[in-house]
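1. Model the structure of this input:
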Amino acid sequence: MSRLDCLRDNRSLLITSEIIGWLHMLGKVHPDFLRGQCKDIPGNKKPEYKYEEFYKQDDQLKELADDKAFKNILMGSKPFNSHAPKLASFFKKHRKKDGDGLLYLLQEAHGIVSGVEKNLPKDTSGYLRQSSVNMWMTNAFGCGVRNLLVHQPDFYSTQGREELYEKVAQLLKTILSNYATMDVESWFQIRRQTIGEGGWLKKALSSSLAETRLPNNDVTVWDQSYVAAALMKSGIAMGLLTHQLPDDVSREMKWSILGVGLNTQHLIGRGIKIGDVLGIKDVVEKFFMAVQRLLEVERPVGALLYCDVNGAYFSYPDVDYAEVKNELKERIKNFAHDLDLEITPVVKISESTRSLIPMVQLMRNTVKDTLVPVREVQINGTAPDGNVCPVCSVRLNGNENNKDVVCDICRVRRSGRGEKWKEDIAKSHGTIWLEEVADRHGRVALLVTSFDLRHWLDGRNSDSLRAQSIWEWIHNNAAIKKVANTNGTESGLRREIQQCLEKSEKNDCIIKHIHDGFKHATSFESFFASIVEDRAIKDMPNWFNLADDDRTNWLLHQLFKKHPSPARIRRFWETTQTFFDQSLDEIKKLPAFEGLRSTRLILTLKTNELDKSKVYDGTLNGASISICHINSQWVTISNLQWLARENEDATTLAHRLTEEKGNLSIRSEDDREWREVTLSAALPTEGNIPIIPITRTPDRFWVLIPAEQAMEIAQQIKAKYEAEMSKVRDRLPLHMGLTFFPRKTPLFAVMEAGHRMTKAFGSQKEEKWQVLAANDASNGNRVRHLTLGRPDGRKVCWHISYGFADPNKTDYFYPYFKTEGKALEERAHTFAVPGKGSHQRVHVSELEAGDTVTIHPSRFSFIFLDTTARRFEAGESLRYLEDVDALSNLWYILRNHELTDTALRNGWAIIEKALNDWGDEDARRQLVETTLKVQWKFNGVQLEEMKQAVLDGLLKDCLELHLKILKKRLGGTGDEQK
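-> Predicted coordinates for the structure are as follows:
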């Protein structure tokens, strides 16, 4: 008998407990919960609403919450036989510590996930409360998402709540009635429908705040409830595996993290055609879905905490049983084998923990082990003879005479993706055809975008965030001035705390006004251990190894920093994932994708000889065209701009083609001869959005887009990033690359170029930038204009918000720069980060000209694959993300300077020769300036701007991008893009 059998036998207990964990704070999805926290609503006018007793508002839920029948599920099998309370106890008592059995497990998980910030004394943290007209939810980086009481979610209305409670009641009734007979698939579907993508409960819980005070209004009820439920589930699994009662488990509740890694980049990167790439993508998604099904339902050890393109990471019981790990590992390997994956996945388990911090090291180790693809089992589907398959490179294709023929497995993947697309076309406007994505010149771009989340997930960047500003805390608490002489500064508060430590005077120490837990500590040493030693990220500070001033620095930092609670770390992932989800939706809405670009033609052809299962490529009246058979009709699957004349819309195009009754010269991939087919009629129909998403995770957002719109899309994403991540853009880089290519380029070259760019982005280090000027925006909306000098000599302007959506609030929590400069400690809004690599962080409002700031820069790169060998150069030349706008602005200057194409090319030839051949720097500069003046007629500010662009290579890149790749022109019509 396997140890894991006890999890199978107690599946109902484990998943029902998890569902209770999701629901335990459902009462916060209510406007009266928020109104009860508002500082502008007097106590006698606050609603009489207790979120812990939300179930009393619905007769069905009240009956279910008090129903003792749930005990039968929650008792589990022996020896895991403990006190199981009614559902009502989980809702009412989750914040307490007086429960036993499963209730205490939930209480412990809830306490861990909530984080240390909630230990703020009410009498000194009231200034952090929001108002009824400005009750904002923010993303993980301080940008306002929604004013919840002004623009209320649907779930806040009476009807919305009734519908929500009805769904909850039906969920609980389904479990109560069927738990004894529910199989794996039934439980799996409950999870998918409830909290999967678009799940109704996830939507509801994501619509409200777990904590309303600033700056903890970044974490939703969903973030806290989901992680608490996952940890509770893993705690129960530990009890079952170790034969411990819940009370024993929760005394020192810990868990591990299980990671499953797969070199997805290797698999996707071998595709020759788009069907190969999308086919293996589908297989990889099925693999990770099977893993999720195993670990969350079939042998429920925990729940998914994080995933990216190369791995998925789950909560896991704090057990060190090789038998359990090996069995799960074998099952996961079998999934890969059954799906015909050519490489073996990696399974790793982290050390025991009470946070998600070890997850990053586990991710590094997992990815490292997948870098060299390994195959540990016999490969499926190979032919007995033939050439090696050109796609998978491991199977024989059964054809000794043709090395371009793919193996049976890869053939099914390639064709299967097309069949699936045909089935889904009625409910989707997507495409899988590069012929539809390619622009009017037949060119496509692979957009490669990624966030660098490493130091957000490992907690290090939490050291840069404040839970409270010392200055604001002091100035909003007049009572503090009566008990301590802080002078309103960090140094003054540091001095007060150090005096307490030196005198060992705990009773009158100012710390009790900062943290509620201090009054329960038996000594300074025990408090230091819980606040500093247990929570420090970078170092391992120890009370007995530190002098009093170092102890003070650590205490001060930890008491006022924003802590990386498990819910907040998950929120970092959710925020960046949402960013790319929204970016994809915004790309689809580009005006350039309307008209001909979103239309297909239904063609009536005079032939019965075409194979309806195949795609045909060729020409119509000399213009390129591709067609396939969908829903009993032949339909175009190529860019209609290739067929259309100037200013011709889809209706006019269809009418002309019908009148002309031209001939198609076409053939399929298998045809040796061209077929001549007469067109009888053409009719426009709603078609596609010309993009193909490849991967969509925070570390890899890859989309195939028309080359023509690539820079517009890049600027759109950059602008979104600067608006939503403004306050942390010095620490949260967004990298972006564009690989341009002709549509018939083998995709393995495109994918490898994208991979090389991504690898180059990941190797970027911090840089020192100079503050050249710092001024507030003139409209007083708390925006700081920074003029920064980059290491490459260029000046850039950053606009950093230090306000909230509430116009009365200043953000003293997020926008702090790592700074070197004069008299930093004398500035009111600054703080020291202690330990190794200690440094000062200065609020953006107090940065001054002459300061040096540390920036983790965002990067940009582009390349054109005029040959497949060019892919090896991808990532060699990196620019800054700001250069996306600089390249477009430079082209705008050239376009509006009355410069002809001939003058541009002749002048550039002179300049390029001088740059390549002349060794004397001054002589080169002089020739550049002369050419710009005489040949191109530049002077004044524009002359200096163009001269710098020539010397730092920006103009060369601008001309390559716009003239060579995008085929734009300065004058005339034709290919000109205005």
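2. Could you give the number of residues near the spatially closest residue to residue 362 that is not a sequence neighbour?
-> Spatial nearest neighbour of residue 362, chain neighbours left out: residue 350 (4.4 Å); criterion: CB to CB, 6 or more residues apart in numbering. Yep, even glycine has a C-beta here, placed from its N, CA and C like the rest. Using other CB atoms under 10 Å, residue 350 has 22 other residues around it.
3. Touching, residue 350 and residue 359? I think so.
-> Yes: the criterion here is CB atoms under 8 Å, and residue 350 meets it with residue 359 at 6.7 Å.
4. following the worst-scoring helix or strand of the chain on mean pLDDT, which helix or strand comes up?
-> Taking mean pLDDT, DSSP states H and E as the measure, the chain has helix 246-250 as its least confident helix or strand, at a mean of 63. For helix 246-250, the following helix or strand on the C-terminal side (DSSP states H and E) is strand 255-261.
5. Show me what that following strand is packed against.
-> Secondary-structure packing of strand 255-261 (3 or more CB pairs under 8 Å, 6 or more residues apart in numbering; DSSP states H and E): helix 221-242, strand 311-317, strand 346-349, helix 358-370.
6. among those, which gets the worst mean confidence?
-> Lowest mean pLDDT within the helices and strands packed on strand 255-261: helix 358-370, a mean of 87.
7. so which helix or strand takes in residue 472?
-> Applying DSSP H and E, one finds residue 472 within helix 470-475.
8. so who does residue 261 touch?
-> For residue 261, the contact set (CB atoms under 8 Å, 6 or more residues apart in numbering) comprises 310-311, 345-348, 366-367, 369-370.
9. Can you add distance to residue 71 and neighbour count and give the residues you listed back as a markdown table?
-> Converted to a markdown table, those look like this (distance: CB to CB, whole Å; neighbours: other CB atoms under 10 Å):
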| residue | distance to residue 71 | neighbour count |
| --- | --- | --- |
| 310 | 43 | 24 |
| 311 | 38 | 25 |
| 345 | 39 | 24 |
| 346 | 41 | 23 |
| 347 | 36 | 20 |
| 348 | 38 | 19 |
| 366 | 40 | 23 |
| 367 | 44 | 19 |
| 369 | 44 | 16 |
| 370 | 45 | 21 |
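10. just those residues now: which is nearest residue 597?
-> Using CB to CB, residue 310 comes nearest to residue 597 of those, at 33.2 Å.
11. Check the contact between the closest one and residue 266; I expect there is one.
-> No: the criterion here is CB under 8 Å, and residue 310 misses it with residue 266 at 9.5 Å.
12. How about residues contacting stretch 748-761?
-> By CB under 8 Å, 6+ apart, stretch 748-761 touches 265, 268-272, 277, 446, 448, 450, 452, 700, 702, 735, 737, 739, 741, 859, 861, 863, 865, 868, 870-872, 874-876, 878.
13. Could you chop the protein up by domain?
-> Per the record, the chain has its domains at 5-123+154-211+221-250, 255-411, 433-464+562-765+859-876, 468-560, 766-855, 882-965, by automatic domain parsing.
14. Straight-line length of the last one, end to end?
-> It stands for domain 882-965. Domain 882-965 has an end-to-end distance of 20 Å (criterion: CA to CA, to the nearest Å).
15. if we take the contacts of residue 261, which one ends up nearest to residue 527?
-> Residue 527 lies nearest to residue 348 out of the contacts of residue 261, by CB to CB, at 35.4 Å.
16. thought that closest one was touching residue 362?
-> Yes: with contacts counted by CB under 8 Å, residue 348 reaches residue 362, the gap being 5.9 Å.
17. shared neighbours of the two, anything?
-> residue 259.
18. Remind me what the lengthiest strand in the chain packs against, helices and strands.
-> In terms of residue count, the longest strand belonging to the chain (DSSP state E) is strand 675-686. Strand 675-686 makes packing contacts with strand 599-605, strand 616-620, helix 650-660, strand 663-667 when contacts are defined by 3+ CB pairs under 8 Å, 6+ apart.
19. for the first one, packing partners?
-> For strand 599-605, the packing partners by 3+ CB pairs under 8 Å, 6+ apart come out as strand 633-636, helix 650-660, strand 675-686.
20. What average pLDDT does the last one get?
-> In this model, strand 675-686 carries a mean pLDDT of 94.
21. Same check on the first one?
-> Looking at strand 633-636 alone, the average pLDDT works out to 95.
22. Just list the residues touching residue 179, thanks.
-> Residue 179 is in contact with 12, 16, 73, counting by CB under 8 Å, 6+ apart.
23. would JSON lines of these with neighbour count be doable?
-> Shown next, in JSON lines, are those (neighbours: other CB atoms under 10 Å):
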{"residue": "12", "neighbour count": "21"}
{"residue": "16", "neighbour count": "23"}
{"residue": "73", "neighbour count": "19"}
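24. wait, which of those residues is closest to residue 160?
-> So of these, ranked by how close each gets to residue 160 (CB to CB), first place is residue 16, at 25.6 Å.
25. gap between the closest one and residue 472?
-> 45 Å (CB to CB, to the nearest Å).
26. rewinding a little: and the domains of the chain as JSON lines, adding distance to residue 147?
-> Putting those into JSON lines (distance: least, CB to CB, whole Å) gives the following:
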{"stretch": "domain 5-123+154-211+221-250", "distance to residue 147": "11"}
{"stretch": "domain 255-411", "distance to residue 147": "29"}
{"stretch": "domain 433-464+562-765+859-876", "distance to residue 147": "16"}
{"stretch": "domain 468-560", "distance to residue 147": "22"}
{"stretch": "domain 766-855", "distance to residue 147": "7"}
{"stretch": "domain 882-965", "distance to residue 147": "30"}
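27. Name the stretch from those domains where average model confidence is lowest.
-> Looking at these, the bottom one is domain 468-560 with a mean of 84.
28. check which helix or strand covers residue 696.
-> Here residue 696 sits within strand 692-697, counting by DSSP H and E.
29. partners of that strand in the sheet?
-> Strand pairing for strand 692-697, using DSSP bridges, gives strand 700-706 (antiparallel).
30. just to revisit the earlier point, now the angle between strand 311-317 and the strand holding residue 696, please.
-> Per axes from the mean of the first three to the mean of the last three CA atoms, to 10 degrees, the angle that strand 692-697 makes with strand 311-317 is 30 degrees.
31. Please export the C-alpha coordinates of strand 692-697 as PDB.
-> C-alpha atoms of strand 692-697 as PDB (Å, rounded to 0.1, in the frame of the first residue of the first chain):
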ATOM      1  CA  ILE A 692      -0.900  34.600 -32.400                       C
ATOM      2  CA  PRO A 693      -0.100  34.400 -28.700                       C
ATOM      3  CA  ILE A 694       2.700  31.800 -28.000                       C
ATOM      4  CA  THR A 695       3.300  32.100 -24.200                       C
ATOM      5  CA  ARG A 696       1.700  34.400 -21.700                       C
ATOM      6  CA  THR A 697       3.400  34.400 -18.300                       C
END
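32. Buried ones in that strand, by neighbour count?
-> Buried residues in strand 692-697, counted by 16 or more other CB atoms under 10 Å: 692-697.
33. Name the residues that touch it?
-> The contact list for strand 692-697 (CB under 8 Å, 6+ apart) reads 264, 268, 274, 277-278, 281, 307-309, 430-432, 434, 437, 446, 577, 580-581, 584, 701-704.
34. Mind checking which of the contacts of residue 179 are in strands?
-> Reading strands off these, I find no matches (DSSP E).
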